[in-house]
Structures are given as structure tokens and as C-alpha cells.
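Engineer: make a model of this:
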Amino acid sequence: MASLNVGNKAPSFSLVANDGKKYSLKDFNGKKIVLYFYPKDDTSGCTAEACSFRDNLSAIKKKGAVLLGVSPDGLKSHEKFVAKYDLNFPVLSDENKEMLIEYGVWQEKSMYGRKYMGIVRTTYIIDEKGKISHIFPKVKVDGHSEEILKALSA
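Structural biologist: You can find the predicted model right below:
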């Protein structure tokens with residue numbers, strides 16, 4: 001599992017999103033990227049997080065950043081999720097979990113004493129040069145998009 005730190009070069013990626021387009025790290029050279037990883041489409045926490053990002057997207061764009069969501073759900077699931085909540089940013093599908101592993105967000109979790117592999121909700125901000133400028137591990141959904149806006153202003 002990757003252990004990424006602020007200042008590291010962001011691992012490259014190339015994944016297809018809900019809109020059918022392929023997105024790669026190199027497509028965003030010269031732009032900041034807010035890259036957020038979430039466990040599952042259409043679940044309460046993930047929906048709240050996505051809707052908060054949706055509602056703050058214009059402010060994120062004003063800070064010169066693009067927003068990308070990533071989960072292991074398939075494209076059909078992403079298409080329904082995006083349509084249902086009118087999400088206005090690309091949601092990338094990583095069914096093979098390669099990017100999730102590269103970014104260190106695919107980890108062992110436990111619930112009710114049962115251990116399983118899953119996504120630890122995490123957000124990265126990648127600067128214009130492709131380096132990680134901020135890492136938000138184990139994200140709490142409430143107030144997170146505001147936290148991101150503050151970090152983009154720093």
C-alpha cells in the first residue's frame with residue numbers, strides 16, 4: 001500500500017468517468033485538483049459529501065481547481081448517482097482498485113468486529129505541478145468541503 005505525503009508527486013492515473021470520458025492526471029497540468037475518494041454511490045455519507053461538493057463547485061473552480069470523485073463502483077452506478085443528485089463534476093470508476101491502492105485509500109477496515117477491505121474516505125489536493133499539497137485522511141463529511149475551500153485559499 002502506498003504511503004503518500006505532502007510534497008510527493010501524485011501517482012498518475014487514467015480512469016473513465018460517468019460521462020464516458022477518460023481522465024488522467026496529466027490532463028490537469030497547471031491546475032489544482034481536488035481528488036476525493038469515497039466508499040459507495042448513493043449511501044448516506046457519500047451522498048452528503050457529493051452534494052456538498054456539488055454545492056461548492058463554483059467556489060472550488062474560483063480557486064482555480066477541478067474536482068474529481070473516485071470510488072470502486074462501476075460506470076452504470078456512477079451514471080445513476082450523478083443523475084439522481086445532479087452532480088456537476090466527473091466521478092471516476094476504479095473497479096480494479098489500482099488507483100485506490102496507489103493512493104493508499106484501499107485499507108482494512110472493521111465494523112462490528114468483522115474485518116474487510118474498503119475505502120477510507122480521503123481527499124487529496126494536488127497542486128499545479130502535480131505534487132500533493134494537502135491530504136485529508138479519514139474525512140468527516142460535515143464541513144469537509146468548507147475545509148477544502150480554506151486549504152485552496154492557503
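
Engineer: and the residue sitting furthest away from the middle of the chain, how far from Thr43?
Structural biologist: Farthest-out residue of the chain from its mean C-alpha position, per C-alpha atoms, centre = their mean: Gly113, at 27.4 Å. Distance of Gly113 to Thr43, given as C-beta to C-beta, to the nearest Å: 21 Å. The way it works is simple: take the backbone N, C-alpha and C, and place the C-beta from them, glycine included.

Engineer: now do Glu95
Structural biologist: 17 Å.

Engineer: and what of Gln107?
Structural biologist: Gln107 is 18 Å from Thr43, by C-beta to C-beta.

Engineer: and the residue most central in space within the chain, bridged to which residues?
Structural biologist: Computing the C-alpha centroid of the chain and ranking residues by C-alpha atoms, centre = their mean puts Tyr36 first, at 1.6 Å. For Tyr36, the beta-bridge partners are Gly69, Thr123 (DSSP bridges).

Engineer: was I right about it contacting Ser52?
Structural biologist: No. Using C-beta atoms under 8 Å, Tyr36 makes no contact with Ser52, being 10.4 Å away.

Engineer: which residues in this structure form helices?
Structural biologist: For the chain, the helices defined by DSSP state H cover 44-62, 75-85, 98-102, 144-153.

Engineer: closest one to Lys9 among these?
Structural biologist: helix 98-102 (11.6 Å; C-beta to C-beta).

Engineer: so which bits of the closest one are buried?
Structural biologist: Buried residues in helix 98-102, counted by 16 or more other C-beta atoms under 10 Å: Met99, Leu100, Glu102.

Engineer: the last one and Ile126: what is the separation?
Structural biologist: As for Glu102, its distance to Ile126 is 13 Å (criterion: C-beta to C-beta).

Engineer: kindly report the same for the first one.
Structural biologist: In this structure, Met99 and Ile126 are 13 Å apart, going by C-beta to C-beta.

Engineer: and for His134, nearest residue in space, chain neighbours not counted?
Structural biologist: Closest residue to His134 in three dimensions, ignoring its sequence neighbours and counting by C-beta to C-beta, 6 or more residues apart in numbering: Ile125, at 4.0 Å.

Engineer: which ones are touching that neighbour?
Structural biologist: Counting by C-beta atoms under 8 Å, 6 or more residues apart in numbering, Ile125 touches Lys32, Ile33, Val34, Leu35, Ala65, Ile132, Ser133, His134, Ile135, Ile148, Ala151, Leu152.
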